[in-house]
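In: Here is a sequence together with a model predicted from it:
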Amino acid sequence: MAIRKNQATLTAAEKRDFVDAVLELKRLGRYDAYVSTHNQFIISDTDRGERTGHRSPSFLPWHRRYLLQFERDLQSINPAVNLPYWDWTADRTTTASLWGSDLMGGNGRSRDGQVTTGPFAGGTGRWTLSVRPDSRDFLRRALGAGVAQLPTRSEVESVLNVAVYDAAPWNSSSDGFRNQLEGWRGVNLHNRVHVWVGGMMSTGMSPNDPVFWLHHCFIDKLWSEWQRRHPTQSYLPTGGTPDVIDLNDSMKPWNDTTPADMLDHSGLYTYDTGF
């Protein structure tokens with residue numbers, strides 16, 4: 001059984017294996033498809049039209065499926081690799097170990113945001129951005145510039161206490177757990193972290209920054225924790241809802257997976273601890 005661990009507890013060898021697998025996916029030309037897919041759905045997901053990956057109930061199962069595919073791709077290179085997560089309620093500074101040269105590398109430089117340290121730094125030839133919004137082909141970050149503070153543990157707890165998964169109109173104005181976790185309403189969790197990291201993480205092409213996977217792995221962990229705390233609650237809507245993915249509808253772009261398929265991850269992976 002795969003165990004997804006907090007990045008802060010990874011051994012030096014586990015960090016190296018994860019980084020090497022990500023770099024190999026990039027070298028093989030398989031990484032950029034993830035960037036393109038995410039950007040495609042950021043553009044197409046709208047409040048008043050079809051929405052699948054964002055602004056919708058399927059935000060969580062869609063990303064769970066997306067992360068699983070990426071994790072399996074990494075494991076095709078090194079079967080020992082599992083996705084780590086970034087608990088941004090605990091590791092919340094620009095000097096946290098996450099940003100060390102042995103994992104994500106550090107902040108972007110002031111003049112152009114270019115990341116100059118770590119395995120994904122510009123100029124190394126190993127992390128040239130191919131799917132990008134402009135001519136700059138290097139990874140950019142601006143930690144803490146877009147918003148001053150990452151979400152706190154108490155803010156996360158307030159969202160985990162929301163009992164209903166989602167509600168009409170099933171978009172960015174909805175009440176419910178999903179939308180508060182996604183960050184369009186309430187204390188703003190997921191969206192705020194993207195803005196705090198800045199640079200590529202503030203664009204639809206956010207998987208260009210490998211910290212995307214660690215962030216979304218923690219979002220998935222929080223959904224798992226919500227499921228544990230609210231065993232009588234589940235995914236909504238269940239059927240007949242225009243423009244969104246109901247419980248048993250298939251999700252693009254795979255068309256072989258429904259939200260119902262993604263509700264129980266226990267046969268695929270577990271997390272090292274609860275929240």
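Out: Right, received. Where do you want to start? Numbering: from 1, shown residues only.

In: Which stretches in the chain count as strands?
Out: With DSSP state E as the criterion, the chain has strands at 2-4, 269-271.

In: Give the buried residues for stretch 135-155.
Out: Going by neighbour count (16 or more other C-beta atoms under 10 Å), the buried part of stretch 135-155 is 138-145, 147, 150-151, 155. Glycine gets a C-beta too; all of them are placed from N, C-alpha and C.

In: closest to residue 62 among the residues you listed?
Out: Of all the buried residues of stretch 135-155, residue 151 has the smallest distance to residue 62: 21.3 Å, by C-beta to C-beta.

In: Can you name the residues that contact that closest one?
Out: 88-89, 187-189, 192-193 (C-beta atoms under 8 Å, 6 or more residues apart in numbering).

In: Turn the strands of the chain into a markdown table, columns for mean pLDDT.
Out: Below are the strands of the chain laid out as a markdown table (pLDDT from 0 to 100):
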| stretch | mean pLDDT |
| --- | --- |
| strand 2-4 | 95 |
| strand 269-271 | 97 |
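
In: Next, the contact list for the closest residue in space to residue 18 that isn't next to it in sequence, please.
Out: Closest residue to residue 18 apart from its sequence neighbours, by C-beta to C-beta, 6 or more residues apart in numbering: residue 81 at 5.5 Å. Residue 81 is in contact with 17-18, 21, 71, 74-75, counting by C-beta under 8 Å, 6+ apart.

In: Kindly recompute the last result at 6 Å.
Out: Residue 81 sits next to 17-18, 21, 74-75 when contact means C-beta atoms under 6 Å, 6 or more residues apart in numbering.

In: Pull out the buried members of those residues.
Out: Buried residues within the contacts of residue 81, counting neighbours by 16+ other C-beta under 10 Å: 17-18, 21, 74.

In: Nearest to residue 125, out of those: which one, please.
Out: residue 21 (18.0 Å).

In: Residue 78 is in contact with the closest one, correct?
Out: Yes: with contact defined as C-beta atoms under 6 Å, residue 21 counts as touching residue 78 (4.9 Å).

In: Okay, helices next: where are they in the stretch 51-200 of the chain?
Out: Applying DSSP state H, counting those that start in this stretch to the stretch 51-200 of the chain gives helices spanning 59-77, 153-160, 177-182, 190-197.

In: Check which helices and strands the longest one is in contact with.
Out: Helix 59-77 makes packing contacts with helix 12-27, helix 211-229 when contacts are defined by 3 or more C-beta pairs under 6 Å, 6 or more residues apart in numbering; DSSP states H and E.

In: and those as CSV, adding mean pLDDT?
Out: Shown next, in CSV, are the helices and strands packed on helix 59-77 (pLDDT from 0 to 100):
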stretch, mean pLDDT
helix 12-27, 98
helix 211-229, 98
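
In: Of those helices, which is nearest residue 126?
Out: That would be helix 12-27 among those, by C-beta to C-beta, at 5.5 Å.

In: Could I get the buried residue list for that closest one?
Out: For helix 12-27, burial by neighbour count (16+ other C-beta under 10 Å) applies to 14-15, 17-19, 21-26.
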